[in-house]
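Student: Provided below are the primary sequence and the corresponding predicted coordinates.
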2 protein chains.
Amino acid sequence: MTRTQQRGVNLGNWLVLEKWMAPGLFEGTTAEDETELCRQLDETVRRERFRLHRDEFVTERDFVYLAARGVDLVRLPVPYFVFGGHDPYVGCIDYVDLAFGWARKHGIAVLLDLHTVPDSQNGYDNGGMCGVCKWHLDPVKVELALDVLERLAARYGSHPSLWGIEVVNEPISRAMWELVDVPRRFTPADPAYAAGSEPVPSDFLRDYYREAYTRIRALAPETTVVFHDGFRIDEWAGFLDRPEFTNVVVDTHLYLMEYALHHGLGELDDYVGYVRDVFAPTVREVSQHVPVMVGEWSLDTTSPAPHALPPDERQRYFRRMADVQLDAWRPAVAWTYWSYKMTIDTPASDVWDFGKALDLGFLPDEALR
Amino acid sequence: MTRTQQRGVNLGNWLVLEKWMAPGLFEGTTAEDETELCRQLDETVRRERFRLHRDEFVTERDFVYLAARGVDLVRLPVPYFVFGGHDPYVGCIDYVDLAFGWARKHGIAVLLDLHTVPDSQNGYDNGGMCGVCKWHLDPVKVELALDVLERLAARYGSHPSLWGIEVVNEPISRAMWELVDVPRRFTPADPAYAAGSEPVPSDFLRDYYREAYTRIRALAPETTVVFHDGFRIDEWAGFLDRPEFTNVVVDTHLYLMEYALHHGLGELDDYVGYVRDVFAPTVREVSQHVPVMVGEWSLDTTSPAPHALPPDERQRYFRRMADVQLDAWRPAVAWTYWSYKMTIDTPASDVWDFGKALDLGFLPDEALR
């Protein structure tokens, strides 16, 4: 392969759960997030459920499939309890080891993505604690995240398949906190515990990013260090392009649901226009200062309209969304689709599931050539 | 598609377990078969383990994948306890319903295969009770199998995706019983219970096949009724081609391990010769009397030699095995590979796993065009 852009998928919902992607894993509980799930399940069921899911959801055959389709990068979300020792959570480092072995064997690079931190960095379900966002307020918890990054860097820093380490996923901005209305949309299991939650300030984030960079760089001199834009993509030129940072990438997540959050549902042309007028210039302009990756995106416009179309028209609708987005990502050094697979079979899962989206012809095969 | 031969895969190890295909499902037990597994697991773990496995091992995305690759038939092994009511086994009819829904949506036909019966028809691990083969000796258990066939015919007989119903998988012959040396190779969990086990006689089998045919035909006038050859392929011309049978198929399982059982390990040319000299004439000649399907086959020669070859030579080795077998199956009305997927990643799983075998280029894409 002579292309310079790395292209691939997130292995979402494997080692960090999201209820909407696999509700069967939450059966018998009222949990909306992995923290509450682990609290409500007794130890026997918890261990059984996590082991079975992790054993089956991603195996070597998935890496064979991805390599055959032309994928050369997987972004691997891992929780802060990846190394174990945080009861009632179930550690999962053995599965990260397996993933690296499969990746090496099949020529795929791995971006390790610290997807959760204690008390959460965004209050989303995928941060592990709905409605809670207090991590940055407790230096002990910040140190814990840094320690996990160091242990990941020490363990995988010289692995030939390591592409990079992302220091924290989606630390939320004030604007996004308010736009999404996190406290209302992601109801906390324990409202008293959620008290004091707030978005992650940019000052904090710059300090954390600098410290994370220094610690990873000491242990893994060659790896790419990836920083999520924290939903404030305009703030990183002038910081990450300083000489103190080498081999860094800023990760931005560009979802079409952003259109709906601002404007409500739209027609296909509205989404296409939004990609061209908002997403494309963002990627192009920031790339002139700092290498950019689009670490999460999908074809879902959030509109139910396309799912009511006849199959071939539905396919054309999503193929057009694919083409315009792939074109917009051209200046990026990498993109990774969200997500590789789902266990639900709602119409929306056809567009969130990379395998389905490819096999249904929504994503063109050429996207990966 | 204008081809007349149906081509596809077995959904093995989904609703009927085989330890070698997914040893993680047997963790914490000494069980070698599904019966002993169900006995050794307490109810909570048993239900959890079966649910998680069944929820994740095959989902709609697999049907999307299979359809995209050109598969138009899946053979679906089901246990005799598919409808539930046989404690400690866990019923699974909901998953059969799901499979039919996915099959219809994605244009794939389904062959329902009664893969196990009480007290087993072969003593294999995949019959559910290692070393036991006494089903045919107990009329109550024979009636139970017939009743399950009737319930399957009643439930799916008019489903547009039903291709056929296979009345029992691999009822073992005396020759195969002795060749495999079942009592020694498949040690029973309870030797006293296994006492009296013996191969299934042809007289019994003809009576059972006639009765199964009559009962299915009454409920599902259009469906194909499939009869396994019971490892005695020469006995069915002169019986299944009688006027009393319409729309029937004889299923033969042609595995290269047969070569090793007769001759020990061989070179690639030996296996190729065996397919040309033994398998191909069998399929060709029987097809002149009764429609034949090759319901199970794989690329595994049982020789470890190819796995030590460099990747491209290894690929050529198995591609040659694929080409010669696909050519031999030409007169058959259908073939289904064993099996769609595995959760292990030994070298042999590369050839037993249809997805891997396709994506590694062992099976040619053209096999399914």
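Tutor: It's in. Numbering: from 1, shown residues only, chains lettered A, B, ... in the order given.
Student: ok, which stretches of the stretch 151-300 of chain A are strands?
Tutor: Applying DSSP state E, counting those that start in this stretch to the stretch 151-300 of chain A gives strands spanning A:162-166, A:224-228, A:248-253, A:292-296.
Student: what about the closest residue in space to A:Ala348 that isn't next to it in sequence, how many residues close to it?
Tutor: In this structure, A:Ala348 finds its nearest non-sequential neighbour in A:Asp300, 6.0 Å apart by CB to CB, 6 or more residues apart in numbering or on different chains. Backbone N, C-alpha and C define where each C-beta goes, glycine included. By the measure other CB atoms under 10 Å in any protein chain shown, the count of residues near A:Asp300 is 20.
Student: need the contact list for A:Val71.
Tutor: Applying CB atoms under 8 Å, 6 or more residues apart in numbering or on different chains to A:Val71 gives the contacts A:7-9, A:108, A:368.
Student: tell me the contacts of the residue in the stretch 101-250 of chain A that chain B sits nearest to?
Tutor: Proximity of the stretch 101-250 of chain A to chain B (CB to the nearest CB) peaks at A:Trp102, 7.4 Å away. Contacts for A:Trp102 (CB under 8 Å, 6+ apart) come out as A:60, A:62-63, A:108, B:345.
Student: ok so, going back, quick check, nearest of the contacts of A:Val71 to A:Ala31?
Tutor: A:Val9 (26.1 Å; CB to CB).
Student: so which bits of the stretch 101-250 of chain A are right by chain B?
Tutor: Neighbours of chain B within the stretch 101-250 of chain A, by CB under 8 Å from any CB of the partner chain: A:Trp102.
Student: who wins for most neighbours among the contacts of A:Trp102?
Tutor: Going by other CB under 10 Å, A:Phe63 tops these with 26 neighbours.
Student: helix, strand or coil for that residue?
Tutor: helix (DSSP: H, G, I helix; E, B strand; the rest coil).
Student: now do stretch A:266-281, average pLDDT.
Tutor: Taken as a whole, stretch A:266-281 has a mean pLDDT of 98.
Student: any idea how far A:Ala99 lies from chain B?
Tutor: Applying CB to the nearest CB, to the nearest Å, the value for A:Ala99 to chain B is 12 Å.
Student: so for the nearest residue to that residue once chain neighbours are set aside, what's the pLDDT?
Tutor: Leaving aside its sequence neighbours, A:Ala99 sits nearest to A:Leu76 (CB to CB, 6+ apart; 6.0 Å). Looking at A:Leu76, its pLDDT reads 98.
Student: state the distance from A:Leu76 to chain B.
Tutor: 17 Å.
Student: what's the angle from the helix or strand that that residue is a member of to strand A:162-166?
Tutor: A:Leu76 is part of strand A:73-78, with elements assigned from DSSP states H and E. Interaxial angle, strand A:73-78 versus strand A:162-166 (axes from the mean of the first three to the mean of the last three CA atoms, to 10 degrees): 40 degrees.
Student: next, the buried residues of strand A:73-78.
Tutor: Buried residues in strand A:73-78, counted by 16 or more other CB atoms under 10 Å in any protein chain shown: A:73-78.
Student: now that strand against strand A:224-228, angle please.
Tutor: Using the same axes, to 10 degrees: strand A:73-78 against strand A:224-228 is 60 degrees.
Student: OK, contacts around the closest residue to A:Val200 other than its chain neighbours?
Tutor: Sequence neighbours aside, A:Pro171 is the residue nearest to A:Val200 in space, at 4.0 Å (criterion: CB to CB, 6+ apart). The neighbours of A:Pro171, taking CB under 8 Å, 6+ apart as the test, are A:121-122, A:136, A:200, A:205, A:228, A:230.
Student: hang on, A:Ala68 in a helix?
Tutor: Yes: assessed by three-state DSSP, A:Ala68 belongs to a helix.
Student: thinking again about what came up before, for the contacts of A:Val71, which one is nearest A:Ala332?
Tutor: Nearest to A:Ala332, judged by CB to CB, of these is A:Arg7 at 9.6 Å.
Student: that closest one reaches A:Asp365, doesn't it?
Tutor: No: here A:Arg7 does not reach A:Asp365: they are 12.0 Å apart, not a contact under CB atoms under 8 Å.
Student: what's the overlap in contacts for those two?
Tutor: A:Gly70.
Student: neighbour count: the two, which is higher?
Tutor: A:Arg7 (21 against 10).
Student: nearest to chain B: which residue in the stretch 201-350 of chain A?
Tutor: Counting by CB to the nearest CB, the stretch 201-350 of chain A gets nearest chain B through A:Asp345, at 3.7 Å.
Student: farthest from the middle of chain A: give me that residue.
Tutor: A:Pro310 (31.4 Å; CA atoms, centre = their mean).
Student: next, give phi and psi for it.
Tutor: Dihedral pair for A:Pro310: phi -60, psi 150, per degrees, to the nearest 10.
Student: and the pLDDT at it?
Tutor: 96.
Student: pretty sure the residue nearest to A:Ala99 contacts A:Leu112?
Tutor: Yes: with contacts counted by CB under 8 Å, A:Leu76 reaches A:Leu112, the gap being 5.7 Å.
Student: and A:Leu76, what is it in contact with?
Tutor: A:10-11, A:14-15, A:96, A:99, A:110-113.
Student: which of those count as buried?
Tutor: Among these, the ones that count as buried by 16+ other CB under 10 Å are A:10-11, A:14-15, A:96, A:99, A:110-113.
Student: redo these as TSV? Include pLDDT and distance to B:Lys141.
Tutor: Output for the buried ones among the contacts of A:Leu76, formatted as TSV (pLDDT from 0 to 100; distance: CB to CB, whole Å):
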residue	pLDDT	distance to B:Lys141
A:Asn10	98	50
A:Leu11	98	46
A:Trp14	98	42
A:Leu15	98	45
A:Val96	98	48
A:Ala99	98	46
A:Val110	98	52
A:Leu111	98	55
A:Leu112	98	54
A:Asp113	98	54
